[in-house]
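Peer 1: Here is a sequence together with a model predicted from it:
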Amino acid sequence: MQVKKNPKADVGRNSSLYFVIGLASVMLLTYAALEWKTYDDDNNYDISMNVDDDLDEEVPMTEQIKTPPPPPPPAAPEIIEVVEDEEEVEETVIESTETSQEEEIIEVDDVEVDEMDEDVDVPFAVIEDVPVFPGCEKESNKRSCFQKMMQKHISKNFRYPEIAQEMGVQGRVSVMFVIQKDGSIGNIRMRGPDKNLEKEAARIIGKLPKMTPGKQRGRAVRVPFSIPITFKLQ
């Protein structure tokens, strides 16, 4: 049997168009519903809350400088009263020391001047009469004999300090002394590398015998003398 259908009455002919229109309408309504916003009708809000407070920096305080008071004015000078000098001052009269022709000239006898006994140090190298070492009295060259006897005395009394030997100390000690006006030995001074060596050198010089004092212009004088003493380990 053949179905008779009016082509104008075909409903499914535009179904795709209707589906698209419906879908677009639904999406539009959904978007409008999601974006729909409502606000309370209240205009009473604090405007000051929206303002940032930028005044956080501390304001420096100014310090008032006190200027010192001006110094007091200087005191007025005292009035000095001038008093007249009523006392009379006697003038000193200086008489002339010039002699006149009428004065007699008196002759004065010769005045004897006593020579002062001064302590003079005359070095051994320049003294006229050198000190005489015991045993050199009959020698013609007493200066050379003195030096030889000094070396002999040092060799005879020489003794190396044990402490200096243990420490390995050696060297030269310069000894200076003075032959006094009575021939004795005094004012002994030492200079060396070690105190023990200096002490031994002083002991050797202290044992020198009493000598005949040196003379300058016929008078006994003090004679300084120096000699080195060498301490050497074997």
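Peer 2: Arrived safely. Residues are numbered from 1 along each chain as shown.
Peer 1: Contacts for the longest helix belonging to the chain, please.
Peer 2: In the chain, assigned by DSSP state H, the helix with the most residues is helix 15-34. Residues outside helix 15-34 that contact it (C-beta atoms under 8 Å, 6 or more residues apart in numbering): none are found. C-betas here are computed from N, CA, C, even on glycine.
Peer 1: and that helix, which residues are buried?
Peer 2: When neighbours are counted by 16 or more other C-beta atoms under 10 Å, no buried residue of helix 15-34 is found.
Peer 1: And stretch 167-176, by the same measure?
Peer 2: Across stretch 167-176, burial judged by 16+ other C-beta under 10 Å covers 169, 173, 175.
Peer 1: then the helix or strand bottoming out on mean pLDDT in the chain to CSV, C-alphas only?
Peer 2: Scoring the helices and strands of the chain by mean pLDDT, DSSP states H and E places helix 15-34 at the bottom, with a mean of 85. Extracted in CSV, the C-alpha atoms of helix 15-34 (Å, rounded to 0.1, in the frame of the first residue of the first chain):
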residue,chain,number,x,y,z
SER,A,15,14.7,19.6,13.1
SER,A,16,18.4,20.4,12.9
LEU,A,17,17.7,24.1,12.7
TYR,A,18,15.4,24.0,15.6
PHE,A,19,17.9,22.0,17.7
VAL,A,20,20.6,24.6,17.2
ILE,A,21,18.2,27.5,18.1
GLY,A,22,17.1,25.8,21.2
LEU,A,23,20.6,25.0,22.3
ALA,A,24,21.7,28.6,21.8
SER,A,25,18.7,29.8,23.8
VAL,A,26,19.5,27.5,26.7
MET,A,27,23.1,28.5,26.8
LEU,A,28,22.2,32.2,26.7
LEU,A,29,19.8,31.8,29.6
THR,A,30,22.4,29.8,31.6
TYR,A,31,25.1,32.5,31.0
ALA,A,32,22.6,35.3,32.1
ALA,A,33,21.8,33.3,35.2
LEU,A,34,25.4,32.9,36.1
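Peer 1: so where's the protein uncertain?
Peer 2: For the chain, the stretches flagged by pLDDT under 70 are 1-13, 38-67, 75-118.
Peer 1: Run through the strands of it in chain order.
Peer 2: Under the criterion DSSP state E, the chain contains strands at 171-179, 185-191, 215-216, 219-220, 223-231.
Peer 1: burial of Ala220, as a residue count?
Peer 2: Around Ala220 there are 18 other residues, counting by other C-beta atoms under 10 Å.
Peer 1: distance of it from Asn187?
Peer 2: Relative to Asn187, Ala220 is positioned 16 Å away (C-beta to C-beta, to the nearest Å).
Peer 1: Ok, Ser25 next?
Peer 2: 141 Å.
Peer 1: buried residues in stretch 172-192?
Peer 2: For stretch 172-192, burial by neighbour count (16+ other C-beta under 10 Å) applies to 173, 175, 177-181, 183, 185, 190, 192.
Peer 1: who touches Arg172 in this structure?
Peer 2: Residues near Arg172 by C-beta under 8 Å, 6+ apart: 192-193, 228-231.
Peer 1: Columns distance to Ala202 on top of these, output as JSON lines?
Peer 2: Conversion of those to JSON lines gives the following (distance: C-beta to C-beta, whole Å):
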{"residue": "Gly192", "distance to Ala202": "10"}
{"residue": "Pro193", "distance to Ala202": "15"}
{"residue": "Pro228", "distance to Ala202": "14"}
{"residue": "Ile229", "distance to Ala202": "10"}
{"residue": "Thr230", "distance to Ala202": "15"}
{"residue": "Phe231", "distance to Ala202": "13"}
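Peer 1: I figured Pro134 was touching Gly183, is that so?
Peer 2: No - assessed by C-beta atoms under 8 Å, Pro134 is found out of contact with Gly183, at 9.7 Å.
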